[in-house]
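Engineer: take this sequence and fold it.
(2 chains)
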Amino acid sequence: NAGVTQTPKFRVLKTGQSMTLLCAQDMNHEYMYWYRQDPGMGLRLIHYSVGEGTTAKGEVPDGYNVSRLKKQNFLLGLESAAPSQTSVYFCASIRVGAREAFFGQGTRLTVV
Amino acid sequence: AQSVAQPEDQVNVAEGNPLTVKCTYSVSGNPYLFWYVQYPNRGLQFLLKYITGDNLVKGSYGFEAEFNKSQTSFHLKKPSALVSDSALYFCAVRDDAGGTSYGKLTFGQGTILTVHP
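Structural biologist: Model (predicted):
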């Protein structure tokens, strides 16, 4: 049972490049989330999904897009990376009615 | 809207002494409260949670937290600190607002705990 798996774990991008971060969970959870972690800011919600085919904006959605074509996967896309998107990205998932979310190990992204 | 505040960016304590990491919160409904720890270059690890029931919650690695509804606080405590407890600690809240919160967590800014030998 892998839980929540994020791919890749590390990435360096040049300004203007695009990339997709993949989050996969094998627990059949309905809700999934993308957070970013920045020093002194804690974790902030980027986008979330309450089910396959549905997504919604969180606190800091600008510059990101997401898709949830399959229940087990939640993709975070950066169409044109900017240095301000240098951060550690965490994915999480939770079953409807449960109290505790499960987090991935994080993706450290650097945009130069 | 829900919010969390961790008033101390850093907490320093000597090994063997008790430690407290402070957290206050604001929600419109009943709070679900969590503490997570992050060791250098690692992911988030769950420590403990308060959902309902006893105000003193016990969690992993000897940590506990006290829920105080009147002060809207959920401070993390440990009776005797270890050097290995040195890490970044996050408090988080989820609003149990009739299911419309969709499990979204709001995190505090984090507190760096340093335990000196």
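
Engineer: with only the CA atoms kept, save stretch B:42-51 in PDB.
Structural biologist: Output in PDB follows, covering the C-alpha atoms of stretch B:42-51 (Å, rounded to 0.1, in the frame of the first residue of the first chain):
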ATOM      1  CA  ARG B  42      11.500  15.300   4.500                       C
ATOM      2  CA  GLY B  43       7.700  15.300   4.100                       C
ATOM      3  CA  LEU B  44       5.000  16.000   6.600                       C
ATOM      4  CA  GLN B  45       4.500  13.600   9.400                       C
ATOM      5  CA  PHE B  46       1.300  13.500  11.400                       C
ATOM      6  CA  LEU B  47       1.700  13.900  15.200                       C
ATOM      7  CA  LEU B  48      -1.700  14.100  16.600                       C
ATOM      8  CA  LYS B  49      -5.300  15.400  16.200                       C
ATOM      9  CA  TYR B  50      -8.200  16.700  18.200                       C
ATOM     10  CA  ILE B  51     -11.700  16.000  16.900                       C
END
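
Engineer: go through it and flag the buried ones.
Structural biologist: Judged by neighbour count (16 or more other Cβ atoms under 10 Å in any protein chain shown), stretch B:42-51 contains these buried residues: B:43, B:44, B:46, B:47, B:48, B:49, B:50. Where C-beta positions appear, they are placed from N, C-alpha and C, glycine not excepted.

Engineer: just for the chain, where's the confidence low?
Structural biologist: Chain wasn't specified; assuming chain A. A:1 (pLDDT under 70).

Engineer: right idea, wrong chain: chain B
Structural biologist: Per-residue confidence for chain B (pLDDT under 70) gives these ranges: B:96-100.

Engineer: sweet, I'm off.
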